[in-house]
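Enquirer: quick one, structure for this:
(2 chains)
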Amino acid sequence: MPEVKEATDSYFADFMRLEREANHFPAWLGELRKKALEEFAEAGFPTTRHEAWRFTNVSRIAETRWCAPETSANGAAASLLDRHAIPGVAARIVFVDGLFAPELSALENLPEGLQVVALRRAQQQPSGDLPGRWIESHLARHAAIGENAFVALNTAFFQDGALIHLAPGTDLKNPVHVLYLRASNGAHTATHPRTLVVTGHQSRGGIIESYVGQTDEACFTNAVTEIAVGEDSSVEHLKLQDEAENAFHVGTVQAVQARSSRFLSHSVSWGAALARHDINAVLAGEGAECTLNGLFQVTGQQHVDHHTCLDHAQPHCSSREYYRGVLDGRSTGVFNGAILVRKDAQKTDAIQSNKNLLLSEDAVINTKPELQILADDVRCTHGATVGQLDSEALFYLRARGIGLEAARHLLIRAFANEVIGRISFAPARQRLAERLLGRLSKGWTSEDSL
Amino acid sequence: MSTETTAIEQLTNKEYRFGFITDIEADTVPKGLDEDVIRAISAKKHEPEFMLEWRLKAYRHWLTMKEPKWANVHFPPIDYQAITYYSAPKSNNGRPKSLEEVDPKLLETYEKLGIPLKERELLAGVAVDAVFDSVSVATTYREKLAELGIIFCSMSEAVEKHPELVKKYLGSVVPYTDNFYATLNSAVFSDGSFAYIPKGVRCPMELSTYFRINAKDSGQFERTLIVADEGAYVSYLEGCTAPMRDTNQLHAAVVELVALDNATVKYSTVQNWYPGDKDGKGGIYNFVTKRGKCLGVNSKVSWTQVETGSAITWKYPGCILQGDNSVGEFYSVAVTNNYQQADTGTKMIHMGKNTRSTIVSKGISAGRGQNTYRGLVKVLKRAAGARNYSQCDSLLIGDRCGAHTFPYLEVRNNTTQVEHEASTSKIGEDQIFYCRQRGISTEDAVSMIINGFCKEVFKVLPMEFAVEAQKLLSVSLEGSVG
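Expert: Numbers count the residues shown, from 1 in each chain, chains lettered A, B, ... in the order given. Take a look at the predicted model:
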């Protein structure tokens, strides 16, 4: 495939230029990035012939020559932030078109034990200033570059991102909000944001990661988030993808859980022309618990793909997974939920459910729950359904004088609330519920109504 | 625990009961495959020109194909030039007219397998089209069926006597380009069964066939075609056992079912090919393509299978639900023990309006067995009101086996309802304890639990098979609780 080769060649050129321009990354990271680039060059962009990409065609991403965005007008970014900031958070770190925007962030008076830094800043500090050790031992160590070409691409090209650390014993009341805004209007811009969350033992905290954008031109976000959940600690992570309607979003969330840790993930995806989310958790310590929630609600020509993998590597772990899809227009949805139970992971308890609502004649859903079990003393179940709004429930509501449209919205909201309702931070929950309502009543255009 | 373990070992190490070789002179073509071999096969079977052309087309297409690698099974590469593609018992020259004329040694083989052909003929009311290696040696009840206009004969005979039906339906469900093994089968298939049920006829008895691989190193390439014309009903049984061997044998069969308007075809299989010994040596490779087409409105195709044998099973009996209101069913019990590997499941393609399908799959893994369910439910855009229910449960016995599920649900219509449920569990120590406390031996308890686990599938099996299936399960698994 000559075009693909050409494309990877151009990535090589970009990489070399970046290395020359910005050699602010330490040597160990430079090595990793180089390796990642080689890995990417080797693998190239996946095609629909790859099992994991069977239903998601990324040729439009592969064929475009992406460039780094220009520094943008902050007015647009500020108004985006106004609409997407969530009140009451412990800290807010904002990136505009891939780069840290200190003037929009709120990083003062952080609660004790919490560190939030921009990756670029962290590298520029003298090493004594920041306990860089946790960065070195976790950054780019968990998301495997060999399994996903986009992870390799991000590792080779990330410029900035949020680094969050919770000291042992920290109990964070309110979550940290990380915002990646796309405001520049340059054509074919790509960003590769990188997020790292590390929690010490017996700590607790929440992270909200928002990817929002308002651009007219096609743009591409390739995000990777690594979360190292420390022993006996608890992390709640919400990823909200609400990018512009002609954006491409590819993102991986990779969590690694230590002994007796709890990880709760929510993924809400409703923007972008094409969105692909890989959400993986490795239950690497005994007694770990993991919950993956997800909601996607799309319309028009949108395509949204969730691939989740729960890797039960140790015994006595439990996992729960709830994914809900609402599809309208000519949209297509993909859900692939793998549960892998390793050989000695006895006493594993895993439950997965995926339910999908098809609201229009042209909407398409491909769902594939997947169990791979190599231990015998386990309890694993999965369920998947595809259906429509319950006509009896609609009738019930209409018989009580509720209009068809309102009744439909009510039922869709109830359906989506199975996921949104599990988010523990009330302002975020409320914001999502409002946004859902806005999307429903606005005929689901991605035009922000709030 | 230690006594229990000994019992497990004894039971899971049981040698294959049906392992023996019948020594009969076979009329074989030389090893290897080329166009001449295909011409030779076709000539030996006195086939009309169109069949030879079809075989050659398939062969030429096969040359361009590669073996599929996506299945969750592992085996050394197969040397297709080391296989003998045609082997018929010599004594078959000048076909026997009745059972008395059949080589007594063949009859003895069936006797050993517990298929008393004569008894069946008299008592069971089953017409048996027994296939020994590649050529039918005895067909019973033919006359009785002929009175009703039912054609039930070997494939070779059908090609000779009813070429118009064969030409019309052969390859209409599984085209010769379908997949690697089906294409190979299309090129070299030796024999199989053919059944045609005319309009409005309900076949009064279960049609049945027993397959056996016998001549050394002969791959067996069965081709079965069953056509139920408008309003007809037929239930077909297929069962297999194979003698003990050391080298792996390839079995690449193709089964095609066609159901026209208001017709029903029910196809039941008990598959018990030689699974290899307890170290995973030998055994049959069972790479089978089975597909039914609900061509007409209100038609129904139902698959029931009990898979206990074969070193490797690769099999996805599917239904193409083309006619409006047609129904597809798939009931399966798959057992893997020792080093057996099974990648099996179904495909339900909903094309017509208000089509319905049900999938019930039960996988049991023991020893080092790997059991995979792989299923596809596809609802095309015009299949309004389609309905699917799938359930696949896995039972694990021992800590070195694996159970995997890969269900694909692809839905393109918003008036459909698709449901999929899967669970994995093991036989609990508490369940065993409960039974033992009540004076039931461990073995009986396990057998009881397994039979309960598979009940949903057994209850749809025809009577003769239900009994055999339960016996097979106990032979394969009894007591192997870990």
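Enquirer: got the phi/psi numbers for the most centrally placed residue in chain B?
Expert: Centre of chain B computed as the mean C-alpha position; nearest residue by Cα atoms, centre = their mean is residue B:269, 5.1 Å away. Main-chain dihedrals, residue B:269, degrees, to the nearest 10: phi -130, psi 140.
Enquirer: and it, how close does it get to residue B:317?
Expert: 8 Å (Cβ to Cβ, to the nearest Å). (Each C-beta comes from the backbone N, C-alpha and C, glycine too.)
Enquirer: could you do residue B:371 as well?
Expert: For residue B:371, the distance to residue B:317 - Cβ to Cβ - is 16 Å.
Enquirer: and for residue A:242?
Expert: 45 Å.
Enquirer: quick check: mean pLDDT of stretch B:344-354?
Expert: The average pLDDT for stretch B:344-354 rounds to 93.
Enquirer: start and end of that stretch, how far apart?
Expert: Taking Cα to Cα, to the nearest Å, stretch B:344-354 runs 26 Å from one end to the other.
Enquirer: outline the domain layout of chain A.
Expert: Domain segmentation of chain A under automatic domain parsing yields A:66-389, A:390-450.
Enquirer: reformat those as a markdown table; add mean neighbour count.
Expert: What follows is those, written out as a markdown table (neighbours: other Cβ atoms under 10 Å in any protein chain shown):
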| stretch | mean neighbour count |
| --- | --- |
| domain A:66-389 | 21 |
| domain A:390-450 | 15 |
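Enquirer: nearest to chain B, of these?
Expert: domain A:66-389 (3.7 Å; Cβ to the nearest Cβ).
Enquirer: quick one: end-to-end distance for that closest one.
Expert: Taking Cα to Cα, domain A:66-389 runs 41 Å from one end to the other.
Enquirer: tell me if that domain is near chain B.
Expert: Yes. Against chain B, domain A:66-389 shows contacts by Cβ under 8 Å from any Cβ of the partner chain at A:343-344, A:346, A:356, A:358-388.
Enquirer: tell me how far that domain is from the chain's mean position?
Expert: 3 Å (Cα atoms, centre = their mean, to the nearest Å).
Enquirer: do the same with stretch B:286-293
Expert: On the basis of Cα atoms, centre = their mean, stretch B:286-293 sits 8 Å off its chain's mean C-alpha point.
Enquirer: rewinding a little: the more surrounded of residue B:371 and residue B:317?
Expert: Neighbour tally, residue B:371 and residue B:317, criterion other Cβ atoms under 10 Å in any protein chain shown: the higher count belongs to residue B:371, 31 against 25.
Enquirer: secondary structure of that one: a helix, I assume?
Expert: No. Counting by DSSP: H, G, I helix; E, B strand; the rest coil, one finds residue B:371 to be strand, located in no helix.
Enquirer: looks like it contacts residue B:403 (just checking).
Expert: Yes. Between residue B:371 and residue B:403 there is a contact under Cβ atoms under 8 Å: 5.2 Å.
Enquirer: so what sits against both of residue B:269 and residue B:317?
Expert: By Cβ atoms under 8 Å, 6 or more residues apart in numbering or on different chains, residue B:269 and residue B:317 have these common neighbours: B:303, B:305.
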